[in-house]
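In: need the 3D shape of this:
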Amino acid sequence: MKKDRIQRELCWKFSADFLPSPEDSILGISINVKDGIYPIHGLRHPVEGNTNGWYIWAGEYSENPDFFVPLHVAHVNSWNPLIEKYLGLAPGWRFLIAPNHEDVWQDLTLLEV
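Out: I've put the predicted structure just below:
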């Protein structure tokens, strides 16, 4: 599968462990990701139940309880096609992307949930 190969290559590039996010798993995402706002931030906590641990938002973070909405991974590309290739990063990893910008790093504090 092409998506799997792209995600594995990205993990290899950053010396990150690979843990896929199944299409039917759920992540938390801010509605404004659909609006073309940058940068896009992503962080991954440990997998729990049918959630894959990902929280993704665009622009500034908000403490508003409605800031994140649940979304199946299968629909991420329709919100923003730049995100999918990062969803194989294991829990404890973050990314920050914008057109012509990519930053990926490990943050082990994300494992302490």
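
In: which pLDDT value belongs to the residue nearest the centre of the chain?
Out: When the chain is reduced to its mean C-alpha position, the nearest residue by C-alpha atoms, centre = their mean turns out to be residue 42, at 4.4 Å. Model confidence at residue 42, given as pLDDT, is 98.

In: likewise for the one 3 residues further on?
Out: pLDDT, the model's per-residue confidence, is 98 for residue 45.

In: tell me the contacts of the residue nearest to the centre of the chain?
Out: Counting by C-beta atoms under 8 Å, 6 or more residues apart in numbering, residue 42 touches 54, 55, 56, 83, 86, 94, 95, 96, 97. The way it works is simple: take the backbone N, C-alpha and C, and place the C-beta from them, glycine included.

In: so the first one, which of the three states?
Out: Three-state call for residue 54 (DSSP: H, G, I helix; E, B strand; the rest coil): strand.

In: I'd say it and residue 41 touch.
Out: No. With contacts counted by C-beta atoms under 8 Å, residue 54 stays clear of residue 41, the gap being 10.8 Å.

In: who has more neighbours, those two?
Out: Taking residue 54 and residue 41 together and counting by other C-beta atoms under 10 Å, residue 54 has the greater number of neighbours (26 against 19).
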